[in-house]
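Novice: I'd like to go over a predicted model; first the sequence, then the structure.
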Amino acid sequence: AAHANAWRYRDYVVASFNADKPFDWFLIEQIAGDLLPAKDEARRREQRIATGFLSLGPKMLAEPDKVKMEMDIIDEQIDTLGKALLGLTLGCARCHDHKFDPILQSDYYRIASFFWAGHIGQGNQGGPTGKDLGFDVYGWTDKSAEPLPIRLLINGERHKPGPKIAPGFLSAMTELDKTLAAPPTNSKTTHRRLQFAKWITDARNPLTARVLVNRLWQHHFGRALVRTPNNFGYKSDPPTHPKLLDWLAAEFMEPTTGGGAPWTLKRLHKLIMMSDTYQQQSVHPQEVEYAQRDFLNRNLWKFNRHRLNSEALRDAMLAVSGQLNLKMGGPSFYPKMSSEALEGLSRKAGDWKDSPTDERSRRSIYMMTKRSPLLPLMTVFDFSDTTASCGQREVTTVAPQALALLNNHFAHSQSEALANRLAKQTSRTDEQIKLAWRLAFGRNPTDKELGQAETHLRVQRIHFGKKENADHLALASLCHVLLNSNEFIYVD
């Protein structure tokens, strides 16, 4: 079933990024927001919503073995948090010491104890209820200040409990490894997660800042400095530019260039995008020579051409057509889904109802996304994995992508909307073509392209000659061509 209030966590994330909230505080709120002081009820509610990070993962609520289900939920929390924030595959130590990294099985259960104290069960999608949280939201909080101790499970088997494990951190980080403080007097929670959150965001932690700036670099360049963004361990791909990674992490935590507050992202975005490296062209004058020496461009001698992801592609089509609804926040909209795509749902009519047209024109971040089914137009363009932490999406080039843009109802509707937009601006064919190029590509057409477009319109008007709206259909056909072009789909 869909999380009815999951959109509140999404809105919290969007608002935090827009406000340029310091990233260390952003992480602390998500891991331990329920343990932080709040100046008023609105702030307290926001901090509860932030802990949705711990509550909204995939769960097998039909699992008949209650203890196994609880451990599986905790495992998902540890695995996601480890990969997303620390770049470590902590989940690999559930059954034994990590095969490659210095992570002991006891370390896994030390960290598991931070979540073991929480409300875990089959009620409210596996997490605490609104009554437990004080608000009707999805979040996380502890049952009490003195939970039962967690036991190491031999081979990860819940019927083979081993020794009791005290809460703690990764033993390999000796400088940060210390005994946890007891909860404050009369506290209703353990306060363990707050200490864990501060351990993660400690400036001496060698991983957190590096993992984040590596993801930021990947966002702008298509490829990260560490090509395995969810794994900084022994089996990771070593950084292409280790000194750059270290400098970015240090600059992120303690700014020395351009001012700004520590741990804030907007200035780091600007720093990267204003660099000569980012502003390179995707074709180099010495392309042949350099490609022989560094075909994969690991040394960044040119900008890597990369395709828009599925959400950006959908949003770009809406923006160019003039249909993009900039409304922010609130419940998610349901996009139009074909009957074939809904075959996997048990209650087709009740589980999926298309939202009104205007709502369906909102940005993709506000789209209803269940773990299954997913919108075909999104999946064909390598939509992210909805069941696990996705460090880097697959980028494929396959025939169904071209077929989707040629035949999908969304692509056709945006082409027609763009044609209407052009017709409202001017009735002159050459001006319509120039405007279409500026909207789609950010430039004017060359003389050759202008002639080709005029020829296309002329041929299409003849093709649609018997229809009353032949001119509109011909212009929509040209718009469809532009929205299907590589120049529109790729960042060059």
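Specialist: Noted; the coordinates are in hand. Residues are numbered from 1 along each chain as shown.

Novice: just the helices in the stretch 101-250 of the chain please.
Specialist: Listed in chain order, the helices of the stretch 101-250 of the chain (DSSP state H, counting those that start in this stretch) span residues 105-116, 130-133, 192-200, 208-221, 242-253.

Novice: TSV for these, including distance to N420?
Specialist: From N, CA and C alone the C-beta is placed, and that goes for glycine too. Listed next are these as TSV, based on distance: least, CB to CB, whole Å:
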stretch	distance to N420
helix 105-116	53
helix 130-133	46
helix 192-200	51
helix 208-221	34
helix 242-253	45
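
Novice: tell me the most buried of these?
Specialist: Using mean count of other CB atoms under 10 Å, the stretch among the helices of the stretch 101-250 of the chain with the largest mean neighbour count is helix 105-116, at a mean of 23.

Novice: Now do that one against helix 192-200, angle only.
Specialist: With axes from the mean of the first three to the mean of the last three CA atoms, to 10 degrees applied, the angle from helix 105-116 to helix 192-200 works out at 130 degrees.

Novice: Which neighbouring elements make contact with helix 105-116?
Specialist: When contacts are defined as 3 or more CB pairs under 8 Å, 6 or more residues apart in numbering; DSSP states H and E, helix 105-116 packs onto helix 66-81, strand 150-153, strand 161-165, helix 192-200.

Novice: tell me the most buried of the ones you listed?
Specialist: helix 192-200 (a mean of 22).

Novice: export it as PDB, just CAs?
Specialist: Provided in PDB are the C-alpha atoms of helix 192-200 (Å, rounded to 0.1, in the frame of the first residue of the first chain):
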ATOM      1  CA  ARG A 192      21.400   6.800  20.900                       C
ATOM      2  CA  ARG A 193      20.400   7.900  17.400                       C
ATOM      3  CA  LEU A 194      21.300  11.500  18.200                       C
ATOM      4  CA  GLN A 195      24.800  10.400  19.200                       C
ATOM      5  CA  PHE A 196      25.000   8.300  16.100                       C
ATOM      6  CA  ALA A 197      24.000  11.300  13.900                       C
ATOM      7  CA  LYS A 198      26.600  13.500  15.500                       C
ATOM      8  CA  TRP A 199      29.200  10.700  14.900                       C
ATOM      9  CA  ILE A 200      28.200  10.600  11.200                       C
END
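
Novice: orientation of it relative to helix 208-221 in degrees?
Specialist: 70 degrees.

Novice: neighbouring contacts of helix 192-200?
Specialist: Outside helix 192-200, the residues within contact range by CB atoms under 8 Å, 6 or more residues apart in numbering are 27-28, 31-32, 35-36, 85-86, 111, 113-115, 117, 140, 142, 167, 169, 176, 180-181, 205, 208.

Novice: and with 7 Å instead?
Specialist: Helix 192-200 has contacts (CB atoms under 7 Å, 6 or more residues apart in numbering) with 27-28, 31-32, 35, 85, 113-114, 117, 167, 169, 176, 180-181, 205, 208.

Novice: how close does L439 get to C479?
Specialist: Here the distance between L439 and C479 works out to 9 Å (CB to CB, to the nearest Å).

Novice: again with N469
Specialist: N469 is 14 Å from C479, by CB to CB.

Novice: Looking at those two, which has the bigger crowd around it?
Specialist: C479 (27 against 11; other CB atoms under 10 Å).

Novice: thinking again about what came up before, to D354, which of the helices and strands packed on helix 105-116 lies closest?
Specialist: Closest approach to D354 among the helices and strands packed on helix 105-116 is made by helix 66-81 (31.2 Å; CB to CB).

Novice: can you tell me the average pLDDT over the closest one?
Specialist: For helix 66-81, mean pLDDT rounds to 90.

Novice: quick one: that helix to chain centroid distance?
Specialist: Centroid separation between helix 66-81 and its chain, computed with CA atoms, centre = their mean, to the nearest Å, is 21 Å.

Novice: which helices and strands sit right next to it?
Specialist: helix 105-116 (3 or more CB pairs under 7 Å, 6 or more residues apart in numbering; DSSP states H and E).

Novice: Please work out how many residues are found near the nearest residue to E70 once chain neighbours are set aside.
Specialist: Using CB to CB, 6 or more residues apart in numbering and skipping residues adjacent in sequence, the residue nearest E70 is I120, 4.5 Å away. A total of 24 residues lie near I120 under the criterion other CB under 10 Å.

Novice: circling back to that earlier point, how about the helices and strands packed on helix 105-116, which one is nearest L271?
Specialist: helix 192-200 (23.6 Å).

Novice: tell me the angle that closest one makes with helix 66-81.
Specialist: Using the same axes, to 10 degrees: helix 192-200 against helix 66-81 is 30 degrees.

Novice: Does S361 touch L318 like I think?
Specialist: Yes - using CB atoms under 7 Å, S361 is in contact with L318, at 5.7 Å.

Novice: so what's in contact with the two at the same time?
Specialist: Contact criterion CB under 7 Å, 6+ apart; residues shared by S361 and L318: L324.

Novice: okay, and the helix or strand of the protein with the least pLDDT?
Specialist: Within the chain, no helix or strand scores below helix 348-351, which has a mean of 62 by mean pLDDT, DSSP states H and E.

Novice: Now the element after that one, going C-ward?
Specialist: Sequence order places helix 376-380 as the next helix or strand after helix 348-351, per DSSP states H and E.

Novice: Report the backbone C-alpha coordinates of that following helix in CSV.
Specialist: Output of helix 376-380 as CSV, limited to C-alpha atoms (Å, rounded to 0.1, in the frame of the first residue of the first chain):
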residue,chain,number,x,y,z
PRO,A,376,6.7,3.0,-18.6
LEU,A,377,8.0,6.2,-20.0
MET,A,378,10.1,6.6,-16.9
THR,A,379,11.4,3.0,-16.7
VAL,A,380,12.4,2.9,-20.4
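
Novice: Remind me what it packs against, helices and strands.
Specialist: Judged by 3+ CB pairs under 7 Å, 6+ apart, helix 376-380 is in contact with helix 399-407.

Novice: Could I get the buried residue list for the helix it packs on?
Specialist: Across helix 399-407, burial judged by 16 or more other CB atoms under 10 Å covers 401, 404-405.

Novice: Make CSV from the helices and strands packed on helix 105-116 and add distance to A388 to it.
Specialist: What follows is the helices and strands packed on helix 105-116, written out as CSV (distance: least, CB to CB, whole Å):
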stretch, distance to A388
helix 66-81, 7
strand 150-153, 22
strand 161-165, 25
helix 192-200, 20
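
Novice: right, and the ones you listed - which one's nearest I489?
Specialist: Going by CB to CB, the one of the helices and strands packed on helix 105-116 nearest I489 is helix 66-81, 30.6 Å.

Novice: what angle sits between the closest one and strand 161-165?
Specialist: For helix 66-81 against strand 161-165, the angle by the same axes, to 10 degrees is 50 degrees.

Novice: which residues touch helix 66-81?
Specialist: Residues outside helix 66-81 that contact it (CB under 7 Å, 6+ apart): 54, 57-60, 63, 90-91, 94, 108, 111-112, 115-116, 120, 126, 158, 389.

Novice: repeat for stretch 268-276
Specialist: 213, 216-217, 220, 252, 257-258, 278.

Novice: please redo it, this time with the cut-off set to 8 Å
Specialist: Here stretch 268-276 has contacts from 213, 216-217, 220, 248, 251-252, 257-258, 278-279, using CB under 8 Å, 6+ apart.
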